[in-house]
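>>> What would the 3D arrangement of this be:
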Amino acid sequence: MIIDPQTAKDDLAFMRAIVEDHGSGNRSMGLNYLAAGILYGLQCLINGVLIIGEFQVSSLVWMTVGILPTILFLMVNSYTVWQNRAHPFGSGTTRRALEAAFAGGGLANLALALVFGWAAYQKQDWSIWLLFPIVVCAFQGAIWFTATILRRQVWYGFTAAGWLLSPFLLSAFLDRPGLYVLILGGVLLFCMAVPGYIMARNTETS
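Below is the predicted model:
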């Protein structure tokens, strides 16, 4: 059998792309994930405390708690995009696939936020909005399950399990908004901020 040298070269290049994961994309994703977990996790915890404690605070406080985390996250996201503009998803095939999956999940979450928010506004029933985080957690669990298969790392599996179990936990507290939001804050800190920190710190193996 005659082997075409060019075909062999292309095959080697493809295999190298699969196993090599060089690039800063993974670190950027980790920083974004860490920032989102901390900012929105703390936002949920603060909201939960205010709801359960029935504290009488001004509308300015509610607006600050509601808007400031998003402003800060967009600042972090803009910084990481700029820092990693040359290779936004890294150079390895596996890394690019994973980060594309996370990016796609983020876009899906944005679309769902608009749908659930509009439905809640139309019906004037904000319990509809409480279903949105449950769907987000399920999405995140699916993405992390995919990551677990591709990376074969135990902590990926624990993260996927945490995300996939959280919808069941949250659904048990739909009629208790204060506790619901507190639990959601804990989920974001442990299933988003902690994995983000690990990814940002360990860019070679995460």
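>>> In contact with the closest residue to Ser127 other than its chain neighbours, which residues?
Distances taken as CB to CB, 6 or more residues apart in numbering put Leu174 closest to Ser127, at 6.7 Å, once the chain neighbours are dropped. C-beta coordinates here come from the backbone N, C-alpha and C atoms, glycine included. Residues near Leu174 by CB atoms under 8 Å, 6 or more residues apart in numbering: 127, 130-131, 180.
>>> Let's see that with 10 Å instead.
127, 130-131, 134, 180 (CB atoms under 10 Å, 6 or more residues apart in numbering).
>>> Select, from these, the two members most distant in space.
Ser127 and Ile134 (11.7 Å; CB to CB).
>>> neighbour count winner among the two?
Neighbours were counted for Ser127 and for Ile134 using other CB atoms under 10 Å; Ile134 has more, 18 against 11.
>>> Now do the same for the more buried one: its pLDDT.
Note for Ile134: predicted pLDDT of 95.
>>> And Ala193, by the same measure?
For Ala193, the model assigns a pLDDT of 95.
>>> One more: Ser24?
If you check Ser24, the pLDDT there is 47.
>>> for Pro88, same thing?
Looking at Pro88, its pLDDT stands at 52.
>>> Got phi/psi on the residue nearest to Ser127?
phi -60, psi -30 (degrees, to the nearest 10).
>>> Now do the top helix by length along the chain: which elements does it pack against?
Across the chain, the longest stretch assigned as helix under DSSP state H is helix 93-123. If contacts are counted by 3 or more CB pairs under 10 Å, 6 or more residues apart in numbering; DSSP states H and E, helix 93-123 sits against helix 5-19, helix 25-53, helix 131-151.
>>> Run the angle between the longest one and helix 131-151 for me.
Between helix 25-53 and helix 131-151, the angle comes out at 150 degrees (axes from the mean of the first three to the mean of the last three CA atoms, to 10 degrees).
>>> buried set for helix 25-53?
Neighbour counts using 16 or more other CB atoms under 10 Å place 25-48, 50-51 of helix 25-53 among the buried residues.
>>> relative to helix 25-53, how tilted is the one helix or strand Val61 maps to?
Using DSSP states H and E, Val61 falls within helix 59-83. If you take the same axes, to 10 degrees, helix 59-83 sits at 170 degrees to helix 25-53.
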